[in-house]
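**Q** Attaching a predicted model along with its sequence, questions to come.
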Amino acid sequence: LIMNEEIDEEMRREFPAEIQKSTVLLTGLVNSMLEVASLDVSEEKLPCEAADLRDICTQEMELLNKKPGIEYILDIAPESMIIQTNVQYLTQVIGHLLNNANKFTEKGSITLSYHLDSGANLVTLSVTDTGCGIPQDKQEWIFERFTKTNDFIPGSGLGLYLCRLIVNRLNGKIKTDPSYTKGSRFVITMPIATPSKPSEPTD
């Protein structure tokens, strides 16, 4: 198409950017499918180590491609929050939820927050936006493979399915908050520490 001189010159100049955009989308789809395949074949918990959740959240919010007209809020305590987790995979989940919120929000705010329930040994993390929201009847459906609420917005339809796979493997849970109606809110609940193994019996 780029070499076809029968096509208007101005239109041909637009092709490289479109090719680049499609290449990025296709690469993302292939990477997601490989990630899903890798996580699907095993039910073992992911290897975890001590990490600062505050640092992970701060970094992912800073990396977000900010849009005008949106307030980006990091609602976290100033002190460190050390949990046992897989940094690579948790970062991937938080990054995806933030980018998803950014994609579907044109004005208002996007908030990343977490709070500790030390009594239950749990941390609850949420990503809240004021975007177009998710219909009540699709709030569980969106976690299935290749599902999209809007076919005209680029995406593989694997992101939330992959997020749930990862969170499940981190011994946590992810869901939407149906009581929130000003946009979308995704809530992740995870243990602060990995479950300890039973001690070996001694003679």
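**A** Great, that's in hand.
**Q** low-scoring pLDDT stretches of the protein, where are they?
**A** 25, 28-29, 31-34, 36-38, 40-43, 146-157, 194-203 (pLDDT under 70).
**Q** for the helix or strand where residue 188 lies, which positions count as buried?
**A** When elements are assigned from DSSP states H and E, residue 188 belongs to strand 185-191. Neighbour-count burial for strand 185-191 flags 185, 186, 188, 189, 190, 191 (criterion: 16 or more other Cβ atoms under 10 Å). Heads up, the C-betas are built off the backbone N, CA and C, glycines and all.
**Q** repeat for stretch 91-108
**A** So stretch 91-108, judged by 16+ other Cβ under 10 Å, has buried residues 91-105.
**Q** and what of stretch 128-141?
**A** For stretch 128-141, by 16+ other Cβ under 10 Å, it's 128, 129, 130, 131, 133, 134, 139.
**Q** Out of those, flag the one nearest to residue 10.
**A** For the buried residues of stretch 128-141, the closest approach to residue 10 (Cβ to Cβ) belongs to residue 131, at 33.7 Å.
**Q** one step back: now the buried residues of stretch 128-141 as TSV including secondary structure and distance to residue 109?
**A** Shown next, in TSV, are the buried residues of stretch 128-141 (DSSP: H, G, I helix; E, B strand; the rest coil; distance: Cβ to Cβ, whole Å):
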residue	secondary structure	distance to residue 109
128	strand	8
129	strand	7
130	coil	6
131	coil	10
133	coil	14
134	coil	17
139	coil	21
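**Q** Just send the residues you listed back as JSON lines, with distance to residue 162 too.
**A** Shown next, in JSON lines, are those (distance: Cβ to Cβ, whole Å):
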{"residue": "128", "distance to residue 162": "21"}
{"residue": "129", "distance to residue 162": "19"}
{"residue": "130", "distance to residue 162": "25"}
{"residue": "131", "distance to residue 162": "20"}
{"residue": "133", "distance to residue 162": "21"}
{"residue": "134", "distance to residue 162": "17"}
{"residue": "139", "distance to residue 162": "17"}
